[in-house]
Structures are given as structure tokens and as C-alpha cells.
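> Fold the following for me, if possible:
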Amino acid sequence: MIFDIAVLITILILLVLGVSKLKVHPFIALLVAGLSLGLLLGFSGEKAVDVLLSGFGNTLKWIAIVVILGAYIGEVLHETGGALRISNAVVKWVGERKLPWAMGITGYLVSIPVFVDVAYIILQPITEALAGRSKKPVLVIGLSLTAGLTVSHTLIPPTPGPLAVASLLNADLGRLLLINAFAGLMAMAGGILFAAKFCHRFPIPYDEQLSLRAQEEKEKRTTTIKKPSVLLDMLPILIPVLLMASGAFCKDMKGTLGTGMRFISMPMIAVLVGAAVAYIQYYPFRRYTPSGSLVEKAIVKSALVIMITGAGGAFGYIIRESGIQDTLTLVFSDLPFLGFLLPFLMAAVLTTATGSITVSLIGTASIVGPLAGTMPYSAEMMAALIGCGAFCVFHANSSFFWLLNRLHEVPLPILYRTYTVQSLLMGVSGLIGVAILWMLGVD
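Predicted coordinates for the structure are as follows:
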């Protein structure tokens, strides 16, 4: 038991050192780390390779096409000037000082029906356009968006994780929603404040590229073509979000209509529809750059993102298939003196170890569920503690960590000092929210 935990910690440390200090490419480092971990934890060579490939394939089967289509939408918005018009409108509506909060709230709403990775990819063009337009570091805008996205994914039904926790704890869903909403707002506020107040200290070379791109878009030749409204510019982004959101309302629909609605709400199909809308919008501009060239640009730009994200998913899959999360939960369940904090700490350990919010939520709820009647608080409060713990902490074994690294070319040391620290602060901020409710008499 202790050996397995020691092996995991050692591999994680070597992975971080290999990528950050020895400059090993993340794709190779993640694959070697995953394979080594599997072998050291008792997998046969054949099984270790099979699990690694399964994790790689399972990650890419839903994200690869979405990333490419999202990149194509971004190319269209860049070529037509749509990203610039949208960013100008957003700045005009909320002001530059309130941009982090606007992005956080946007993420909070969007991620209820849409998975975090997919939502971030869809909103990437707007994130980068706003960073270039406002001359704020992209991490300020991007991590504000990430705070809102992560809160909804972790705490707010009908996303699958919170629903699973409610079921495992036999919690009242309405009461859970109210408690988690308050804890989630506290966590989001902590994440946004960190992004707004501290992430400007970490400018990256990519910020210069975004500023230059914003300047180029101001001088684009598209002025000779009638400019569409900002709402039309936003359609390639809004339509996929709305289609995916519709999936939450058609799960129980029967007949042809229900089948059709579930089909178009699938992330790949929804983003494909958005890409088709983008293609139609680009039609008047085709004489400048053929649409096929934009597709090729999207594929080239996406390839590295897809491969590294897949390798990150494969590494996380090795961890999850090893069952080490069960070992960790057994260790923590034998420490009853932790009392009030037990669900929070157990979830935090599982997130840190596996890089998966869903594994953390379900694993912790499965272990502490039988303890619900003996704890000094309700199942709903326990669910909030589990959700807040599941924020802590994201690092090299999280696929989203690598998504940020490749999308914005963020150096790894900066990601550790920003994204990783932000996730810890969000968990602690949510915990403070739960403690406030507890002191106010909510149990």
C-alpha cells in the first residue's frame, strides 16, 4: 500500500523534473511516465501498453475532432474580423476592468451543459481576442474563464459528477444545488481574484503575438466587405453551446424527435454544426484565402495540442486503472480524527493523484457515503465538501493542464505558479464557503 503511493509520488516528481528541468518533450515524458508507473505497480508489459493505448484513444476519441473544428472556427473568426468585433463589443459592454468577472460568469453558465475542455476550446478565439484587445495577459482572461468552467463542472447539476455524488450520498438534489451554488460562487470568486490580481505578473511571449494579431485585424482588408452584426459573428460559438445544452433536456424524450435531439447535442456534432455556420459566414471572404487552407491551418495548429492532451489522458488512465485511488481512500478512511475535513481532504488527494475531477468525486463519495449518517453534517454538506476538495490540485497528470500549455504556449513553470495555485485557492475558497454555511447553522 505504502509502496504504491511512494511509486506514484516518485513518478510524478520525475515527470515534473523531466519536462521542466531536463526539457524532455511532454509527449514523450508522459508516455514514458505512464508506462513506467504501470510496470512498477504490477502491470505486465502487455497490459501496461494496452491500458496506455486505451487511455490515449479514449481521450482522443471525443476531443480530437472537436479541437480541430474549434480551431477552424477560430481561424474563420480571425480572417473575417469577427473575433475582433466580438472582443470590442464585450469590452464596451463590461469594461476592461470587469473582463475577468465577465469571463468567469460566462464559464460558469456555459460549463453546466458542456464539458470543460470542449467549452474552453470553443471559447478560445474570444479569450485570445479579448487578451489582445485589452492588452491583458492571456492567463488573466483564460484562467478567469477556467474558474467558472471548473466550478460548474465540479459542483453544479446536471453535470455528471455532481449528479453521481448526489446519488451515492442519497442527497436531496434541490438542497444540494443551493449549497453547492454558494460554495461554487465562493470558489469561483477566489479563482477569478487570483487570476485578476496575480496572473498579470506572468506575461508570456504568446501575449505579444496576440497583441500583434489584434493590431493586424484592425487593419484588415475586410473593411471592403459589409460587416455582419456581433450576434452573427457569435453564432459559430453560440450554436454549439446551445445544441449541447439541449442534451440536458432531451435525455428522456422518446421517438424520432428525442433521438434526433440527442444526436445533435453530441459535442462533435454540435461543434460540426458551428463549423458549418462559420463556413457559410466565410463564403464572402473566400477570394482572399480558400476555406480549405483554413482547415489545413486548423489541423496543423491542433496536432500538437491533440497529441499532448492524449498523452496526458493516457497517463491519467494508467493511474486510474491501477486502482491506486482505492489505496489512497483506504488510508484516509483510517484517519477518523480528521472529522469535518475528511471528505474535502480525501477528494483533494484523489484529484492530485489522478488528475480527474470525476474520479475524485465518485471515488470519495463511494467511500464516505456510508459515513453520511455519522458525520456532524448532512449529505448535502458532505457533497459540497467533496466538490470543493475535487478542485485541489491540477498539475502534470491533468489533460486540461496540457491543453492550456499548448493552446497558449504557456511555459510549464508558469502553469505551476498560476493554474496549479489557482486550483488550490479555489478549493480553499469553496471550503471557506461551506464553513460559513456551517457557522450560520446550515448542516
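> Does Ser111 touch Ala147 like I think?
No - between Ser111 and Ala147 there is no contact under C-beta atoms under 8 Å: 10.3 Å. For the C-beta atoms, the positions are set from N, CA and C on the backbone; glycine is no exception.
> what about those two, which has more around it?
Ala147 (31 against 25; other C-beta atoms under 10 Å).
> Can you tell me how far the residue lying closest to Tyr279 once chain neighbours are set aside is from Ala276?
Excluding the flanking residues, the one nearest Tyr279 by C-beta to C-beta, 6 or more residues apart in numbering is Ser291, at 6.0 Å. Separation of Ser291 from Ala276 (C-beta to C-beta, to the nearest Å) stands at 11 Å.
> the more surrounded of the two?
Taking neighbours as other C-beta under 10 Å, Ser291 and Ala276 compare with Ser291 leading, 17 against 13.
> Quick check, pLDDT for that one.
Note for Ser291: predicted pLDDT of 77.
> right, and it touches Tyr282 too?
Yes - taking contacts as C-beta under 8 Å, Ser291 lies within contact range of Tyr282: 5.7 Å.
> ok, now which ones touch Phe27?
Contact partners of Phe27, counting by C-beta atoms under 8 Å, 6 or more residues apart in numbering, are Met307, Ile308, Ala311.
> Can I get those in CSV including secondary structure, distance to Met186 and pLDDT?
Listed next are the contacts of Phe27 as CSV, based on DSSP: H, G, I helix; E, B strand; the rest coil; distance: C-beta to C-beta, whole Å; pLDDT from 0 to 100:
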residue, secondary structure, distance to Met186, pLDDT
Met307, helix, 37, 84
Ile308, helix, 32, 76
Ala311, helix, 34, 83
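> Looking at those residues, which one is closest to Leu404?
Nearest to Leu404 among the contacts of Phe27: Ile308, at 10.8 Å, using C-beta to C-beta.
> which residues sit in contact with that closest one?
Ile308 makes contact with Pro26, Phe27, Leu30, Trp402, Asn405, Arg406, according to C-beta under 8 Å, 6+ apart.
> do the same with Met186
By C-beta under 8 Å, 6+ apart, the contact list for Met186 reads Ser429, Gly430, Ile432, Gly433, Ile436.
> does it count as helix, strand or coil?
Three-state call for Met186 (DSSP: H, G, I helix; E, B strand; the rest coil): helix.
> Which helix runs longest in the protein?
Once the chain is assigned using DSSP state H, the helix that runs over the most residues is helix 45-80.
> name the helices or strands packed onto the helix or strand just after that one?
Sequence order places helix 82-94 as the next helix or strand after helix 45-80, per DSSP states H and E. When contacts are defined as 3 or more C-beta pairs under 8 Å, 6 or more residues apart in numbering; DSSP states H and E, helix 82-94 sits against helix 45-80, helix 99-110, helix 116-134, helix 205-218, helix 230-246.
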